[in-house]
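**Student:** Please work out how this folds:
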Amino acid sequence: MTPPLSATARAKANDADPAVARVERPTPAGVNAPGFGSDVIADALRALDIPYIALTPGASYRGLHDSIVNYLGNTKPQMLLCLHEEAAVAIAHGYAKVTGKAMVTAVHSNVGLMHATMAMFNAWCDRMPVIVLGATGPVDAAKRRPWIDWIHTARDQGALVREYTKWDDQPSSPGAAREAILRATWIANTAPFGPVYINFDAELQEAKVAEPLPPIDVARYMPQVATAAPAELIHQAADILKGAKQVLLLAGRTSRSTEAWNARVALAEALNARVVTDLKIGASFPTDHALYVGSPRAITPDSVDGLKNVDVVLSLDWVDLAGALRAFGPSPAVKVIQISLDHRIHNGWSMDYQGLPPVDLLLSADSDVVLGELVKAIGKTAKPHALPSRRGTSNKEPAGFTNEHIARALREVLGDRAVTFTHLPLSWDDSWLTFRHPLDYVGSDGGGGVGGGPGISVGAALALKGSGRLPVAICGDGDFLMGVTAVWTAVHYKIPLLFVLANNRSFYNDELHQERMARTRNRPIENKWIGQRMADPEVDLAAMGRAQGAAGFGPVTKPGDLPDVLQKAIAAVDEGQVAVVDVRVEPGYTAAMTAAMTRGAS
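**Tutor:** Presented below is the predicted three-dimensional model:
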């Protein structure tokens, strides 16, 4: 895939931030040659130039832990201590969202892996590279300690995550362990991206190395995989697009590459295409462009301007192409071009591949790689100039105290400052903020796993350190409470980040579903809040931030107070702190969101 950052930025992304590097410096151990199996594993991680390993400690990988500290000196990779395995994997997920490169995590035996599974599923659905290292054993039953080693040993530990990882392995020698790390890194970082898992036997880690392994050239074990499309297919696609009356461009999964961003804009302009984006996958097209028509929860003639005239749909790795095409009927007459590699990792366990779409031309390729060639093949066309977009930010004051007030206050306070939104809540509307750069927004959790937002945001903020961008995470209260311990890791490792919490004191998404059930069954909708509301007592989210060393603000209960509070919170982040702002919004979604979440738009 096209690199997401410049060469200088990519080089910097592989270096530990100086402020982070100063945390937890070990006493030099004077070890300069691998003496144990875990030293070989640590050597392989350093050879791959991986800057960080996020982990929650556990005895099953105590050998590797020692090797990173006393053999590598806790650098390249440097440990990032996390208070829960789900946070460790989520941090790596967020780091990959910004850099496009896999970070390493370590989880303890079967129990740690079970904690990590939700975050791994998020990374899988989000098609993000993450390397998860685990441990088990000793595999040799005669060497297990009573009780604890037995309950922390599984016969096939990788089976826990095999259906939502690209690859897993359990090597049984130092040489095989080194090879497994190289293969895992190569597979994770090859499109379509995804998480991988390696399980290390405790005995392998702690055994002395019988003889030194021969040196290897790591680059030779990371061959480039061609992700382009054949020239004849590109020209065939160009001919269909040039002959179209109206193209609908579905701007789906993409890297944070400015080159790919500019190519998407050039392609849309060459075709006078109407462009739709998806809030699940991050910024993929400028939302103030005249050709941009929105990020609808459900694509319908009412939600997408000009849809009735579309005769060609161009999908750039759209997450749910079959769902998007439902607006055109059960047997759509439109021509469909799909550019994607996603089909290469579909399996029969998870249904994250969505429905089977009708496709007239498939380019089995990375859309970022193909875009430039497609623009050249299309050249200048006689398409009419785009009409100005009718979309815009409403000046009408929202009723009550809603998420839209948060957006309005942020626009007022931030102005033209470079910001990366590391997370947005489910109820967000794409018209509330403007995205003009691929790093303006990095997308959601991927798998709908509530609790991923805080950890993903910490990982993204870590990758953004030194970029000049302010990382802002807008999380719901349920999401924050499930992943709240990631705040401690951000504070401990000096990772500045602003959390703005849209706190409606409810699992409101499920209130909508209970309301739908009540209406369908002619039962009282007044009961929808039971088992959903977080009240009596209401949780003090700002205090939870302060308890972990963050600067806590709020609760903010009036829209007029929010800009001033945000100014103070941003000032704290500019000073290097983590800030948590508790905003007490009212329960409620937009009408379009309510319809989509309750299947009302079906």
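
**Student:** In a strand, Val336, correct?
**Tutor:** Yes. Per DSSP: H, G, I helix; E, B strand; the rest coil, Val336 lies within a strand segment.

**Student:** what about Pro587, is that helix, strand or coil?
**Tutor:** Using three-state DSSP, the structure places Pro587 in coil.

**Student:** when you give positions from now on, start the count at 2
**Tutor:** New numbering, starting at 2: the last item is Pro588.

**Student:** ok, it to Glu260 distance?
**Tutor:** Look at Pro588 and Glu260: by C-beta to C-beta, to the nearest Å, they are 42 Å apart. Every C-beta, even on glycine, is put in place using the N, C-alpha and C of the backbone.

**Student:** of those two, who's got more company?
**Tutor:** More neighbours surround Pro588 than the other of Pro588 and Glu260, with 18 against 15 (other C-beta atoms under 10 Å).

**Student:** Pass me the low-pLDDT residue ranges in the stretch 52-201 of the chain, would you?
**Tutor:** By pLDDT under 70, the stretch 52-201 of the chain has no low-scoring segment.

**Student:** What residues sit buried inside the longest helix along the chain?
**Tutor:** Looking across the chain with DSSP state H, the single longest helix is helix 110-126. By neighbour count with 16 or more other C-beta atoms under 10 Å, helix 110-126 contains the buried residues 110-111, 113-114, 116-126.

**Student:** Name the strands paired with the helix or strand following it and say parallel or antiparallel.
**Tutor:** Going down the chain from helix 110-126, the next helix or strand is strand 131-137, by DSSP states H and E. Each strand paired with strand 131-137, and its direction, by DSSP bridges: strand 104-107 (parallel), strand 196-202 (parallel).

**Student:** Using CSV, lay out those together with mean neighbour count and distance to Gln225.
**Tutor:** Output for these, formatted as CSV (neighbours: other C-beta atoms under 10 Å; distance: least, C-beta to C-beta, whole Å):
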stretch, mean neighbour count, distance to Gln225
strand 104-107, 29, 21
strand 196-202, 27, 18
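
**Student:** among those, which is nearest Asp441?
**Tutor:** Between Asp441 and those, the shortest gap by C-beta to C-beta is with strand 104-107, which sits at 22.0 Å.

**Student:** would JSON lines of the strands paired with strand 131-137 with distance to Met518 be doable?
**Tutor:** Below are the strands paired with strand 131-137 laid out as JSON lines (distance: least, C-beta to C-beta, whole Å):
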{"stretch": "strand 104-107", "distance to Met518": "39"}
{"stretch": "strand 196-202", "distance to Met518": "35"}
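
**Student:** Ok, which of the ones you listed comes nearest Val582?
**Tutor:** strand 104-107 (27.4 Å).

**Student:** which SS state does the residue sitting furthest away from the middle of the chain fall under?
**Tutor:** Most distant from the centre of the chain: Ala143, at 42.2 Å, with distances by C-alpha atoms, centre = their mean. Here Ala143 is recorded as helix under three-state DSSP.

**Student:** and the gap between it and Asn123?
**Tutor:** Per C-beta to C-beta, Ala143 is found 39 Å from Asn123.

**Student:** got it, and Ala230?
**Tutor:** Taking C-beta to C-beta as the measure, Ala230 falls 29 Å from Asn123.

**Student:** ok so Glu204 is a helix residue?
**Tutor:** Yes. Glu204 sits within a helix when classified using three-state DSSP.

**Student:** Leaving out sequence neighbours, find the closest residue to it.
**Tutor:** Pro139 (4.1 Å; C-beta to C-beta, 6 or more residues apart in numbering).

**Student:** Report whether that neighbour is found in a helix, as I expect.
**Tutor:** No. Assigned with three-state DSSP, Pro139 falls outside any helix and is coil.

**Student:** and it, what does it touch?
**Tutor:** Listed by C-beta atoms under 8 Å, 6 or more residues apart in numbering, the contact set of Pro139 reads 145, 150, 154, 202-204.

**Student:** Between strand 196-202 and the longest helix of the chain, find me the angle.
**Tutor:** Per axes from the mean of the first three to the mean of the last three C-alpha atoms, to 10 degrees, the angle that helix 110-126 makes with strand 196-202 is 160 degrees.

**Student:** Dump helix 110-126 to CSV, keeping only the CA atoms.
**Tutor:** Once non-C-alpha atoms are left out, helix 110-126 reads as follows in CSV (Å, rounded to 0.1, in the frame of the first residue of the first chain):
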residue,chain,number,x,y,z
SER,A,110,-1.1,-17.1,28.2
ASN,A,111,-4.6,-18.2,27.4
VAL,A,112,-6.2,-15.8,30.0
GLY,A,113,-4.5,-12.7,28.6
LEU,A,114,-5.4,-13.8,25.1
MET,A,115,-9.0,-14.1,26.0
HIS,A,116,-8.9,-10.6,27.4
ALA,A,117,-7.4,-9.4,24.1
THR,A,118,-9.8,-11.1,21.7
MET,A,119,-12.2,-8.2,21.4
ALA,A,120,-9.4,-5.8,20.4
MET,A,121,-8.0,-8.3,18.0
PHE,A,122,-11.4,-8.7,16.4
ASN,A,123,-11.7,-4.9,16.0
ALA,A,124,-8.3,-4.8,14.3
TRP,A,125,-9.4,-7.7,12.0
CYS,A,126,-12.6,-6.0,10.9
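
**Student:** Can you give the distance from it to the centre of its chain?
**Tutor:** Mean C-alpha position of helix 110-126 versus that of the full chain (C-alpha atoms, centre = their mean, to the nearest Å) differs by 14 Å.

**Student:** helices and strands around it, which ones?
**Tutor:** In terms of contacts (3 or more C-beta pairs under 8 Å, 6 or more residues apart in numbering; DSSP states H and E), helix 110-126 is packed against helix 86-100, strand 131-137, strand 196-202, helix 453-465.

**Student:** of those, which approaches Lys377 most closely?
**Tutor:** Nearest of those to Lys377, taken as C-beta to C-beta: helix 86-100 at 28.3 Å.

**Student:** What segments of the stretch 202-351 of the chain are strands?
**Tutor:** Remark: strands assigned in the stretch 202-351 of the chain by DSSP state E, counting those that start in this stretch are 248-252, 275-277, 293-295, 313-317, 336-340.

**Student:** Would you give the sheet partners of the fourth one, along with the direction of each?
**Tutor:** Within its sheet, strand 313-317 is paired with strand 248-252 (parallel), strand 336-340 (parallel), according to DSSP bridges.
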